[in-house]
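In: everything below, folded, please.
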Amino acid sequence: MSTTQTNLKKNLRAKGSAVFAVLLLLTIAPSVFADRISTVTATTNMGSGFGTSLTNTVNGVGLTSLSLTATHGATVPRNSWVSAQGVLTGQITFNLGGLSSVNSFSFWNQNNGGPGLAGSTGIQGVQVLYSTDGTTFTALLGGPSVFARETGNTSSPQIFSFTAVNAAFFRFVVLSNYGDPGQTGFAEVGFNRVTAVPEPTTMLLLGTGLAGIGAKVRSRRKANAGDKA
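Out: The predicted structure follows:
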C-alpha cells in the first residue's frame, strides 16, 4: 500500500470517528417536541381520600389516549385523586424524572363524576411553581392562577403555554376549590417536554471526547506533512 493510500485511510478513520461523535450527541439530546413526559411521579401533603391515588393523575388511566389533548372520562376513584376528608388546600409536587425544558402543561380538573356535584371538588385557585432541584421553587411566569370548573361528566384539557423553563419539578399550591366542603381534587396533568437537558457531566465527557478526536486528526495531519517533506 502506497503512502498516499495509507494517509487516505487514516483520514477516513478520523472522519468516521467525528461522525460517530456527532451521532452520539444527537442520541444524548432527544428531539425537539418530544411531547408528554412519561416519567412523572407525584406527592402531596394533602393526603388521599375515597380510595384514590395520586399516581392515577399522571399515568393517563382516565384519558381516551395517552396524549396532552385527550378527553378524560367521569372522575371516579380509580382514575382521579381527591384529598383527605376536610383537607381543602395544600401542595402537590410533580417530579418529572429528570431535567427538561418544558413549555406547557395540560390539566384536567375533577368533573361531575364526583365526589362533589358539578365539579365542585375541582381545584380553583392555584399557584404554579417550578424547580431544578426540588428544594428551591420559583413562580412560573405566565402560569395560571385559576383552573376552570368542569361541570359535565367528562373533562377537556386546559392547556397552559409559557416561555420554556428548565425544570425537574413542578408544584401546584392549591388555594381553593369550587365549593366542596369535604375534599379537593383533580383528574390528570401532563407536561410537554421541548427538549431533555443533558446532565453537565455527560456534556463534559462528550466534549472531552470530541477534543481528543480533534487532537488526533491534527497530529496525523502534521505527521503526513512531515512524511511528504
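In: okay, now Thr195: neighbour count?
Out: Thr195 sits with 17 neighbouring residues when counted by other CB atoms under 10 Å. From N, CA and C alone the C-beta is placed, and that goes for glycine too.
In: excluding its backbone neighbours, what's nearest it?
Out: Ser101 (4.6 Å; CB to CB, 6 or more residues apart in numbering).
In: in this protein, where is pLDDT below threshold?
Out: 1-34, 196-229 (pLDDT under 70).
In: all strands of it, in order?
Out: 35-36, 41-44, 81-82, 90-109, 126-131, 138-139, 158-174, 185-196 (DSSP state E).
In: buried deepest among the ones you listed, which one?
Out: Neighbour counts (mean count of other CB atoms under 10 Å) averaged over each of the strands of the chain peak at strand 81-82, with a mean of 28.
In: for that strand, packing partners?
Out: The helices and strands touching strand 81-82, judged by 3 or more CB pairs under 8 Å, 6 or more residues apart in numbering; DSSP states H and E, are strand 185-196.
In: just the C-alphas of the strand it packs on, formatted as PDB.
Out: Listed next in PDB are the C-alpha coordinates belonging to strand 185-196 (Å, rounded to 0.1, in the frame of the first residue of the first chain):
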ATOM      1  CA  GLY A 185     -59.100  17.000  43.800                       C
ATOM      2  CA  PHE A 186     -58.300  16.800  40.100                       C
ATOM      3  CA  ALA A 187     -58.200  14.200  37.300                       C
ATOM      4  CA  GLU A 188     -54.900  14.400  35.400                       C
ATOM      5  CA  VAL A 189     -51.900  16.500  34.500                       C
ATOM      6  CA  GLY A 190     -49.400  16.100  31.700                       C
ATOM      7  CA  PHE A 191     -46.200  18.100  31.000                       C
ATOM      8  CA  ASN A 192     -44.900  18.900  27.500                       C
ATOM      9  CA  ARG A 193     -41.100  18.500  27.000                       C
ATOM     10  CA  VAL A 194     -39.500  20.600  24.400                       C
ATOM     11  CA  THR A 195     -36.000  19.100  25.000                       C
ATOM     12  CA  ALA A 196     -34.400  16.900  27.600                       C
END
